[in-house]
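# 3D, please:
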Amino acid sequence: MTFFDYFQIAIIAIVLIFIIAKIAYLKFVRKINPIAVARTGRMGSRVIEALAFFGLIVWFIEAVSIALHARRGLLPEFSRMQLFEAPIARIIGVVSVSVGLVIFALAFFNFGDSWRMGIDRKGAGTLVTKGIFSITRNPIYVFFVLWFIGVFLINGTVTFLVFALLTIAVLHWQILREEKFLIEHYGEPYERYRKKTPRYLIW
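The predicted structure is shown next:
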């Protein structure tokens, strides 16, 4: 195994620890259920949310199996076809994931009790606009885009290219859904925040 293999496994472990710890804290200490995936909304939207969540699990497993150099993964063999293998691409990938992880950690800290996995129409927290949220309205989604692109650059396979493209499309769709809900739920305070803070980093 190389540095890049250990790096990818370490990032997955760190992210999972962050998420599990946050869920446990909110659920058992704050008595808040933060998991709202596929819980509300139209059936089509709920199906897409559920499929996206399942896809994320598949991506985790595939990323770990490739980092461990397992002969077989969940996906067909042709999905591991190498598109390129360049040291500079791998370095850029590591930088991309590392920057994303910092954004992710700051977002989890700034979110407080308002973090949810999915759209919580019944128990949304307070509107968060400080810290990293004053730079981007969607720091966790920015992290996922940087992470998926970074992993593609590190591995250079068809699998991670497809996942990166799908992730960008699905996250943008989810952001538009969340924006609609936030406008309805928070009203004018969110409108003011939306006008002065980029959706991603520059938009």
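
# going forward, measure contacts between C-alpha atoms and count neighbours the same way
Noted.

# show me the helices in this structure, by range?
In the chain, the segments counted as helices under DSSP state H are 3-24, 43-67, 87-111, 139-155, 158-186, 188-196.

# buried residues, the second one. List them.
Buried residues in helix 43-67, counting neighbours by 16 or more other C-alpha atoms under 10 Å, are found at 45-46, 48-50, 52-53, 59, 61-67.

# same check, this time on the longest one
Under the neighbour-count criterion of 16+ other C-alpha under 10 Å, helix 158-186 has 158-161, 163-164, 167-168, 171, 174-175, 179, 182 buried.

# what's the mean pLDDT across it?
Per-region confidence: helix 158-186 scores 95 on mean pLDDT.

# please apply the same query to the first one.
The pLDDT scores in helix 3-24 average 96.

# and it, what other elements does it pack with?
Here helix 3-24 touches helix 43-67, helix 87-111, going by 3 or more C-alpha pairs under 8 Å, 6 or more residues apart in numbering; DSSP states H and E.

# between helix 158-186 and the first one, find me the angle.
Note on geometry: by axes from the mean of the first three to the mean of the last three C-alpha atoms, to 10 degrees, helix 43-67 and helix 158-186 are set 140 degrees apart in direction.

# I would like the residues contacting helix 43-67, please.
For helix 43-67, the external contacting residues (C-alpha atoms under 8 Å, 6 or more residues apart in numbering) are 1, 4-6, 8-9, 12, 37-40, 72-75, 118, 163, 170.

# buried ones among the residues you listed?
Listed as buried from those are 4-5, 8-9, 12, 37-39, 73, 118, 163; burial here means 16+ other C-alpha under 10 Å.

# before we move on, back to that, reformat the helices and strands packed on helix 3-24 as a markdown table; add mean pLDDT and distance to Tyr25.
Converted to a markdown table, the helices and strands packed on helix 3-24 look like this (pLDDT from 0 to 100; distance: least, C-alpha to C-alpha, whole Å):
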| stretch | mean pLDDT | distance to Tyr25 |
| --- | --- | --- |
| helix 43-67 | 91 | 21 |
| helix 87-111 | 97 | 12 |
